[in-house]
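*Asks:* mind folding the following:
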Amino acid sequence: MLQPTRTKVGPRGRVTVPVAVQRAVGLTEGDEVIIRAVSPGVVVVETPQAIKDRIRAGIPETAETEHFDAVADIRALRDTENDRPDHLSTPQEPLHQPASGAGPPL
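*Replies:* Okay, here's the model as predicted:
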């Protein structure tokens with residue numbers, strides 16, 4: 001692993017990534033990077049490919065070797081949630097009827 005390297009925030013908020021760090025992670029001029037704040041004083045700089053690789057690493061191996069249908073999984077979860085009884089699923093009075101019970105003027 002590369003030793004930590006200091007740099008400063010320059011004019012207009014720019015930060016230069018030292019060449020040694022660029023080489024260590026394979027960045028070249030013009031490469032796209034994604035910067036996100038993690039917590040106060042901590043930022044992460046990643047390439048889009050590194051993010052894709054990190055996400056793919058979290059997918060179970062069976063998903064890669066068998067048919068994987070994320071949409072079907074989400075629908076199944078939604079259907080399971082819809083089948084759960086809760087206080088929000090009780091029938092409500094239709095919104096188009098006045099709360100006082102009075103009908104529209106004749």
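
*Asks:* what's the burial count for residue 17?
*Replies:* Residues within reach of residue 17, counting by other Cβ atoms under 10 Å, total 13. No exception for glycine: its C-beta is placed from N, CA and C like everyone else's.

*Asks:* dump the residue contacts of it.
*Replies:* By Cβ atoms under 8 Å, 6 or more residues apart in numbering, the contact set of residue 17 is 7, 27, 45.

*Asks:* quick one: the strands in the protein?
*Replies:* Listed in chain order, the strands of the chain (DSSP state E) span residues 34-39, 42-46.

*Asks:* most surrounded residue in the contacts of residue 17?
*Replies:* residue 27 (16 neighbours).

*Asks:* show me what contacts that residue?
*Replies:* Residue 27 makes contact with 17, 21, 33, 47, according to Cβ under 8 Å, 6+ apart.

*Asks:* could you dump those residues to CSV with distance to residue 73 and pLDDT?
*Replies:* Putting the contacts of residue 27 into CSV (distance: Cβ to Cβ, whole Å; pLDDT from 0 to 100) gives the following:
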residue, distance to residue 73, pLDDT
17, 39, 91
21, 39, 91
33, 31, 94
47, 28, 92
